[in-house]
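Visitor: Got a sequence here, can you model it:
(one chain, ligands or ions: 1)
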Amino acid sequence: MVVRLTDTWTEILRRRASNSNTGAYAEPVRDMLGEMVAAAALMQSNIKFDGSLTLQIFGDGPVKLAVVEVQPDLALRATATVIGSVEPTTTLSQMVNVANAGRCAITLDPNSKFPGQQPYQGVVPLFDDQGHKLEKLSAVLEHYMLQSEQLDTTLVLAANDQVAAGLLIQRLPMAGSGNLAGSMVSKENEDQIGLNEHYNRIAILAGTLQRDELLTLDVDTILRRLFWEEQITRFEPLVGDTAPHFACTCSRERVGKMIVGLGQEEAQGILAERADIEVACEFCGAQYRFDAVDAAQLFTAAVLRVPGGTEPH
Ligand SMILES: [Zn+2]
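Guide: Numbering: from 1, shown residues only. Next up is the predicted model:
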């Protein structure tokens, strides 16, 4: 599976650059976030999950949090929180894994949940089995996928100021149409991990793909260069609304709920010092303002919604 994001990616960067609180991303942060965007789009598209897929890195360096959220229709948004400066030569571990305390989390939050159901979350460290810091996001995610799906996976990721791109190679648990039935024989599958010669051959070829090639070449050229000795069946690319696209799920209602979550005292404290409570969405840059009247309405409505409270008729 190959993803190559241009407009979607530059839209995310443009919104960040026009945020006067943060300014544009430093290059290493930009490229890491772009690789995360490409990877998250590939993962969501691969598992076709009916809910949001969120890929997060909790960093222990200047990048405190990087997050990408992808919906089932491949609408996606991304942001990173950076405290302090990031130099152009900064590595992945210098950004998010200085003391080996950084973590990568993948959260699957189903659209339809039974009461009390929690989202599924898998967490992997940013170091390998020997404790060595990983300098490639792709290695972190390959580890996650081997752990969570028991499937060998090869990922090649790259991003710059124009393109966020990725190539995902995954061994299917069974031969041919057997995968469609969804009946995976897990013992047989586990025996194949690392040993399937077809997968290994394809993975080695995929691993030779250079960052520049992934960023600059079209998909057909990439497939021809890598797999020229293989028989290739190419699926139709996703276009238009079905392709990955930028969209933010923030709303005035959600921000209102967040303010209620802060508590009335906190909200009144802010309003004692200024005319509005201002909340800016970190993903899209939208500004939400609540003045004293708006805030009073929020808390009145919240009281009415409390279980056992009086419902308006
Ligand atoms: Zn937003």
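
Visitor: Ser148: how many residues sit nearby?
Guide: Using other Cβ atoms under 10 Å, Ser148 has 13 other residues around it. The way it works is simple: take the backbone N, C-alpha and C, and place the C-beta from them, glycine included.

Visitor: my guess is it meets Val123, correct?
Guide: No. Counting by Cβ atoms under 8 Å, Ser148 stays clear of Val123, with 10.2 Å between them.

Visitor: Find the residues that touch each one of these two.
Guide: Taking Cβ atoms under 8 Å, 6 or more residues apart in numbering as the contact rule, Ser148 and Val123 both touch Ile106.

Visitor: Which helix or strand contains Val303?
Guide: Following DSSP states H and E, one finds Val303 within helix 292-305.

Visitor: which SSE is the residue of the stretch 51-200 of the chain found nearest the ion in?
Guide: Nearest to the ion in the stretch 51-200 of the chain, going by Cβ to the ion, is Arg77, at a distance of 6.9 Å. Assigned by DSSP H and E, Arg77 belongs to strand 75-82.

Visitor: circling back to that earlier point, give me the buried positions along the helix holding Val303.
Guide: Asp294, Ala295, Leu298, Phe299, Ala302 (16 or more other Cβ atoms under 10 Å).

Visitor: Can you show me the CA trace of that helix as CSV?
Guide: The C-alpha coordinates for helix 292-305 follow below in CSV (Å, rounded to 0.1, in the frame of the first residue of the first chain):
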residue,chain,number,x,y,z
ALA,A,292,-19.6,35.9,30.3
VAL,A,293,-23.1,35.4,29.0
ASP,A,294,-22.0,32.4,26.8
ALA,A,295,-20.2,30.9,29.8
ALA,A,296,-23.2,31.3,32.1
GLN,A,297,-25.3,29.6,29.5
LEU,A,298,-22.8,26.7,29.3
PHE,A,299,-22.9,26.1,33.0
THR,A,300,-26.7,26.5,33.3
ALA,A,301,-27.2,23.9,30.5
ALA,A,302,-24.6,21.6,32.2
VAL,A,303,-26.5,21.7,35.5
LEU,A,304,-29.7,20.7,33.7
ARG,A,305,-28.0,17.7,32.1
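
Visitor: Could you pick out the residues of the stretch 201-313 of the chain near the ion for me?
Guide: Cys248, Cys250, Cys281, Phe283, Cys284, Ala286 (Cβ under 5 Å from the ion).

Visitor: before we move on, the earlier item: list the contacts of the residue of the stretch 51-200 of the chain closest to the ion.
Guide: Ile12, Val68, Glu69, Phe246, Ala247, Cys248, Thr249, Phe283, Cys284.

Visitor: did I read that right, the third one in a helix?
Guide: Meaning Glu69. No. Counting by DSSP: H, G, I helix; E, B strand; the rest coil, one finds Glu69 to be strand, located in no helix.

Visitor: before we move on, what SS does the closest residue to it other than its chain neighbours have?
Guide: Nearest residue to Glu69 in three dimensions, chain neighbours excluded: Thr54, at 4.8 Å (Cβ to Cβ, 6 or more residues apart in numbering). Three-state call for Thr54 (three-state DSSP): strand.

Visitor: burial count for Thr54?
Guide: If you count neighbours by other Cβ under 10 Å, Thr54 ends up with 18.

Visitor: ok, now Asp109?
Guide: Around Asp109 there are 16 residues (other Cβ under 10 Å).

Visitor: strand partners of the helix or strand hosting it, parallel vs antiparallel please.
Guide: Using DSSP H and E, Asp109 maps to strand 103-110. Sheet pairing for strand 103-110, assigned by DSSP bridges, gives strand 51-58 (antiparallel), strand 120-125 (antiparallel).

Visitor: got a list of contacts for that strand?
Guide: Contacts for strand 103-110 (Cβ under 8 Å, 6+ apart): 43, 49-58, 117, 119-126, 140-141, 144, 148.
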